[in-house]
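*Asks:* Turn this into a model:
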Amino acid sequence: MDGRCSWCGEDPLYVSYHDTEWGVPEYDSRALWEKLILDGFQAGLSWITILRKRESFRAAFADFDPNIIAEWGEVEVERLLQDPGIVRHRGKIQATITNAQAWQRIEAAQGFDNYLWDYVGGKPIVNQFQTMADVPASTPLSTQLSKDLKKAGFKFCGPTIVYAFMQAVGMVNDHLVSCPCHARLANPR
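*Replies:* Residues are numbered from 1 along each chain as shown. Model (predicted):
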């Protein structure tokens, strides 16, 4: 695809992710939670590492069903720490359990999808970035959402993680204007 965002390089898995998932608006509460959790696991690593392990993560974490994970405890943490198919980080694993509990509270109160999409008025913010250097690592909005998620009980959701999440789930369209995905996703609904 001529003009594709350069960050995905030539790796077929990464290219497919860029072309079919990244920046596509996601409105499913469980899928949004999964992506936030995976972005938290990505902290300190490259996204391609997480993408290559995504199916193993799904198998290890009960297909990212927060209602199941919210009930987990130390037995499951120890099991996951032995799983070579995922990122074995005790803090991130424990955070996934507490994040599932926080998700349940928000989901019951208003829907996790509504909670998140209210930050952007229910539709993507369409940016007009010309180069990768123009794309910020975080924004005042991602900083606010990060603070609010932390108040709600979430962990591993700093402003940079939250902005990467917002990009991934299409809350912001950060495809470069030269990328064909930018125009395709500018009016997704």
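
*Asks:* make it CA atoms for all contacts and neighbour counts henceforth
*Replies:* Fine.

*Asks:* Would you mind giving both backbone torsions of the closest residue to Leu141 other than its chain neighbours?
*Replies:* The shortest distance from Leu141 to any non-neighbouring residue, by Cα to Cα, 6 or more residues apart in numbering, is to Tyr119 (7.8 Å). Tyr119 adopts backbone torsions of phi -70, psi -20, taken as degrees, to the nearest 10.

*Asks:* what does the model give Tyr119 for pLDDT?
*Replies:* Note on Tyr119: pLDDT of 98.

*Asks:* again with Ala60
*Replies:* Note on Ala60: pLDDT of 98.

*Asks:* how about the strands in the chain?
*Replies:* 125-126, 172-173 (DSSP state E).

*Asks:* who touches the last one?
*Replies:* With Cα atoms under 8 Å, 6 or more residues apart in numbering as the test, strand 172-173 has contacts from Gly23, Pro124, Ile125, Val126, Asn127, Met166, Gln167, His182, Leu185, Ala186.

*Asks:* just these now: which is nearest Pro66?
*Replies:* Nearest to Pro66 among the contacts of strand 172-173 is Met166, at 19.6 Å by Cα to Cα.

*Asks:* May I have the beta-bridge partners of the residue lying closest to the closest one once chain neighbours are set aside?
*Replies:* Ranked by Cα to Cα, 6+ apart and with sequence neighbours excluded, the top spatial neighbour of Met166 is Val172, at 5.8 Å. Taking DSSP bridges as the rule, Val172 bridges to Ile125.
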